[in-house]
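Everything below, folded, please.
(2 chains)
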Amino acid sequence: MSPTDVVITGIGIVSSLGLGAEAHWQALSKPEPAPVLDRERFSPYIVHPLPEIDWSTQIPKRGDQRQMETWQRLGTYTAGLALDDAGLKTDEALCTSMDMVVAAGGGERDVAVDQAILDASLARNDHDVLLNEKLTTELRPTLFLAQLSNLLAGNISIVHKVTGSSRTFMGEEGAGVSAIETAAARIRSGQSTHVLVGAAFQTEHPDMLLAYELAGYLQREEWSSVWRRSEELGGGVITGSGAAFLVLESREHAERRGHAAYAAIGPVVSGRARRSGSALQTELAEMMNSVAAGREPLMAVSGASGAHMATQAEKAALDSRGAAARGFSSLTGHLKEAQFPFAVALAALAIRNGQPYAAFDAENESSIDGAPKAVLATAVGYNCFEGMGLVTEA
Amino acid sequence: MRTTDSFGRPLVAVTGMGVVTSLGQGKRENWTALTSGRSGIHPITRFPTDHLATTIAGTVDFLPESSQGASALTFALADLAAEEAVAEAGVSRGDFGGPLFLAAPPVELDWHNRLRLYAQSDRSNGWRSLIEAARKAREEALFDEAQFAAIADRLAEKYGTRGLPITLSTACASGATAIQLGTEAIRRGECDRALAIGADGSATAEALIRFSLLSALSTQNERPEKASKPFSKDRDGFVLAEGSGALVLESLESALARGAEVLGIVRGCGEKADDFHRTRSKPDGSPAISAVYAALKDAGMSEEEIDYVNAHGTSTPENDKMEHLSLSTVFGERMREIPISSNKSMIGHTLSAAGAVEAVFSLMTMREGVIPPTINYENPDPAIDLDVVPNRKREADVATVISNSFGFGGQNTCLVMAREAG
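I've put the predicted structure just below:
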């Protein structure tokens, strides 16, 4: 134990399963929990939709809500849940000195404007002039700010007054891994005392599906657990809307203000393995050795996306170490940048509650008993980059 | 020589630098132009400017990738700057041996590709047709264009950087943040060296229109080279531009041990987020003031020790006023005598790249003993009483610089750099 150990003192999570840490624990503690699915709106694609959210409980000003599209609202809302949970929401001094690392993609484009341009493009050849004509007259001026990657962090500063520092990492799952890895490293080295870290992903927009489907990564028509995705139905990923934010503190900082921690974050590692041959599986097995050796029997809260190659490599690596995998994206959908923060949050909940998760897919996930002392959290990118970390008792 | 700072942390040296802007490719070409007060701002030819209020920019038009979309150009810019920096540092190009921090613009599928895919589709079903066409086409290049990790992944592959490369955005402060992240990683002892790059090739029609709709851009199109006029009374917005800057950061100890030439030292980094508004800064300037103080504190230096300010100086009415307010608050009366100049008067605002490009120019300013001017300073703003090194370069002994970067979303980052380890 060291004063600069990294402890988790606040969790905010949102997915189709509900709002907040407790709702997720309840939903995921049931045997074989059922997914919440929307099969219609984006058919042939299935998405795990956002639950109903009363934004004003975390974003009181209507004006602030109007300045954001759903992705930013979701992130700002979920960051508020984490701050509340950490008992910091109303502590202006600690918010002012709090550092922030957000993993973000881009925001929602205006579907109607884009479609109008696509439609008009069929009748004329001067497409560049058409773009100028339509975009100058039809884009809502402030929409740009609702799309800029770093404006999720910007909105968190405005709404929750977190202003110590503000950094946004981009790059799908890897950005979420780096965000937590960097935040934890800063705390361990004394560069930060308390950090808000997390991400949000809103999949219910055609462009968010398009980004995956440009390389055929999505599964169509049927839902199945991440370990049972079908090559015949596409690339294996089923997406969801959701977010995860964590308040990380140094042990000393949390103890001084008397706030109990869910769990501690042990070693976090990341990499950029080649995605051909067995390189990824080999690297993942080595990563497990470096962060979780001697921790058996081990439960792994896996951010496996369902993408065939990456998911098979991860499963093989977990199986080779006898780890009991829990592929939460079967139930939440793939949350992109939020995968790793979400995995860490679920791992911390199992530690805090002294209970492992029952299998989400009993045919493919082995059972495990007893209060977990350490839980592995993973996020292997559907296309590139991977990371994992060990969450332990505080 | 001491290789740690006053806090006992490893001192971080710069051992390689590279730069590309509308003024040219490489440090020599850029420095010659900058010190002659030459502007790189020109009429836009990359796309038609019908219906646009702003028709000028500082685009980089001389590369083969200049016409291939934001993603391809951003990669090319990052790559060229990195190549120059890594070569100067004398580090093996395929085995850099440290992490990569890339400041880059958010990515999107280019409109030309979106239109092409739609034309290939059955067009009967709106966005469903578009997605179906994308799935059937399965063009890897298009997928990469919409993946935020793709550019850094390619750079990591080429340069053999270590681990998972970090791509970041802190809007117009991104380039400075990349340097800060590299500096912090070296100070934590995670690595001996880091590659920090800021690159931005995203001057598309849509990007221009987006900034234009926020009234951020200059519309003084008649004489493009005169449009960017930081600290002038008739300034009316920034000029959108492209470019890249790359720095090889290295612990001073490692640099000395391998006999590398030390080009300068990153002494301190400071930041502070603003919670006032999405595009405007708090009226009292307190976040920017805090960022400057934080950088000085991190450098273990006092206000008196700063010789020159490399301004954010965007030429927007708001920025230049607030930057003056913040600096005057920190440096007091002495601010009238500290030379401050804006590279953006010549290269425009290179957005995600700006902090890195301007860090390279700051380090060159110290090494060459020449301060590049703020050009187009013909009509001073009487409310901004500064020595902006007007219109002509100035020879000066500059041992320390503070470089400011401020961005939308309340981003404020300042870097303190020094010529010598001191």
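
so what's residue B:283 closest to, chain neighbours aside?
If the residues on either side of it in the chain are set aside, residue B:283 comes closest to residue B:276, at 7.6 Å by Cβ to Cβ, 6 or more residues apart in numbering or on different chains. For glycine as for every other residue, the C-beta is placed from the backbone atoms N, C-alpha and C.

list the contacts for the one you found?
Residues near residue B:276 by Cβ atoms under 8 Å, 6 or more residues apart in numbering or on different chains: A:158, B:282, B:283, B:287, B:410.

which residues touch residue B:77?
With contacts taken as Cβ under 8 Å, 6+ apart, residue B:77 has the following neighbours: B:20, B:60, B:63, B:199, B:200, B:201, B:242, B:243, B:244, B:353.

Apply 10 Å and report the result again.
Contacts here follow Cβ atoms under 10 Å, 6 or more residues apart in numbering or on different chains; on that basis residue B:77 touches B:18-21, B:25, B:60, B:63, B:65-66, B:104, B:151, B:197-201, B:242-246, B:350, B:353.

can I assume residue A:293 is in contact with residue A:321?
Yes: counting by Cβ atoms under 10 Å, a contact exists between residue A:293 and residue A:321, whose distance comes to 9.2 Å.

and the two? which has more neighbours close in?
residue A:321 (17 against 11; other Cβ atoms under 10 Å in any protein chain shown).

The residue nearest to that one when sequence neighbours are not counted: which element?
Using Cβ to Cβ, 6+ apart and skipping residues adjacent in sequence, the residue nearest residue A:321 is residue A:288, 5.2 Å away. Element membership for residue A:288, per DSSP states H and E: helix A:279-292.

Within the helices and strands, which one has residue A:197?
Taking DSSP H and E as the criterion, the element that holds residue A:197 is strand A:194-201.

in its sheet, what does that strand sit against?
Partners of strand A:194-201 in the sheet, by DSSP bridges, are strand A:99-103 (parallel), strand A:242-250 (antiparallel).

My read is that residue A:177 contacts residue A:169, right?
Yes: because the distance of 9.1 Å satisfies Cβ under 10 Å, residue A:177 is recorded as touching residue A:169.

Which neighbours do the two have in common?
Contact criterion Cβ under 10 Å, 6+ apart; residues bridging residue A:177 and residue A:169 by contacting each: A:103, A:337, B:166.

Distance of the second one relative to residue A:34?
The spacing between residue A:337 and residue A:34, counted by Cβ to Cβ, to the nearest Å, is 26 Å.

Pick out whichever of those two has more residues nearby.
Taking neighbours as other Cβ under 10 Å, residue A:337 and residue A:34 compare with residue A:337 leading, 32 against 9.

Right, and chain B sits closest to which residue of the stretch 151-300 of chain A?
Minimum separation of the stretch 151-300 of chain A from chain B (Cβ to the nearest Cβ) falls at residue A:154, amounting to 2.9 Å.

check contacts around that residue.
Going by Cβ under 10 Å, 6+ apart, residue A:154 touches A:67-68, A:72, A:76, A:102, A:145, A:148, A:166, A:168, B:170-171, B:273-275, B:277-279, B:407-411.

Just the buried residues from the residues you listed, in PyMOL please.
Restricted to buried positions by 16 or more other Cβ atoms under 10 Å in any protein chain shown, the PyMOL selection for the contacts of residue A:154 reads:
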select buried, (chain A and resi 67+68+72+76+102+145+148+166+168) or (chain B and resi 170+171+273+274+275+278+279+407+408+409+410+411)
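
Which members of the contacts of residue A:154 are positioned in helices?
By the criterion of DSSP state H, membership of these in helices covers A:72, A:76, A:145.

and which of those is nearest to residue A:344?
Within the ones in helices among the contacts of residue A:154, proximity to residue A:344 (Cβ to Cβ) peaks at residue A:76, which comes in at 19.9 Å.

Assess the claim that that closest one and residue A:156 are in contact.
Yes: using Cβ under 10 Å, residue A:76 makes contact with residue A:156 at a distance of 5.5 Å.

Next, the spatially most central residue of chain A: secondary structure please.
If you average the C-alpha coordinates of chain A and look for the closest C-alpha using Cα atoms, centre = their mean, you land on residue A:338, 1.3 Å from that point. Following DSSP: H, G, I helix; E, B strand; the rest coil, residue A:338 is assigned to helix.

Which residues are in contact with it?
If a contact means Cβ under 10 Å, 6+ apart, then residue A:338 has A:13-15, A:74-75, A:78, A:103-105, A:173, A:175-176, A:179, A:198-201, A:240-245, A:303, A:332, A:345, A:379 as its contacts.

can you check residue A:360 too?
Under the criterion of Cβ under 10 Å, 6+ apart, the neighbours of residue A:360 are A:28, A:31-33, A:35, A:225-227, A:302, A:325-331.

ok and the residue in chain B nearest chain A?
Checked against chain A (Cβ to the nearest Cβ), the nearest residue in chain B is residue B:409, 2.9 Å away.

need the residues of the stretch 201-350 of chain B near chain A, please.
B:204-216, B:269-279, B:282, B:286-287, B:290-291, B:294 (Cβ under 10 Å from any Cβ of the partner chain).

between the contacts of residue B:276, which is nearest residue B:265?
Compare each of these with residue B:265 using Cβ to Cβ and the shortest gap goes to residue B:287, at 26.1 Å.

okay, now the domains of the chain?
By default, I'm working from chain A. Chain A resolves into domains spanning A:6-110+A:142-263, A:265-392 when parsed by automatic domain parsing.

not what I meant, chain B
When chain B is cut into domains by automatic domain parsing, you get B:13-107+B:147-418, B:113-143.

Rebuild the ones you listed as JSON lines, extending it with mean pLDDT.
As requested, those are exported to JSON lines (pLDDT from 0 to 100):
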{"stretch": "domain B:13-107+B:147-418", "mean pLDDT": "97"}
{"stretch": "domain B:113-143", "mean pLDDT": "96"}
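
which one of these is the most hemmed in?
Stretch with highest mean neighbour count among those: domain B:13-107+B:147-418 (a mean of 23; mean count of other Cβ atoms under 10 Å in any protein chain shown).

residue ranges of the strands in the stretch 301-422 of chain B, please?
Shown for the stretch 301-422 of chain B, the strands assigned by DSSP state E, counting those that start in this stretch span residues B:308-310, B:340-341, B:370-371, B:394-395, B:400-407, B:411-418.

Then the stretch 201-350 of chain A?
A:239-240, A:242-250, A:263-271, A:299-302, A:324-327.

With just CA atoms, put the second one into PDB.
Coordinates of each C-alpha in strand A:242-250 appear next as PDB, following Å, rounded to 0.1, in the frame of the first residue of the first chain:
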ATOM      1  CA  GLY A 242     -23.400   4.200 -23.300                       C
ATOM      2  CA  ALA A 243     -20.800   6.000 -21.200                       C
ATOM      3  CA  ALA A 244     -18.500   5.400 -18.400                       C
ATOM      4  CA  PHE A 245     -16.700   7.900 -16.200                       C
ATOM      5  CA  LEU A 246     -14.600   7.300 -13.200                       C
ATOM      6  CA  VAL A 247     -13.200   9.500 -10.400                       C
ATOM      7  CA  LEU A 248      -9.600   8.300  -9.700                       C
ATOM      8  CA  GLU A 249      -7.700   9.500  -6.700                       C
ATOM      9  CA  SER A 250      -4.500   8.900  -4.900                       C
END
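
No more questions from me, cheers.
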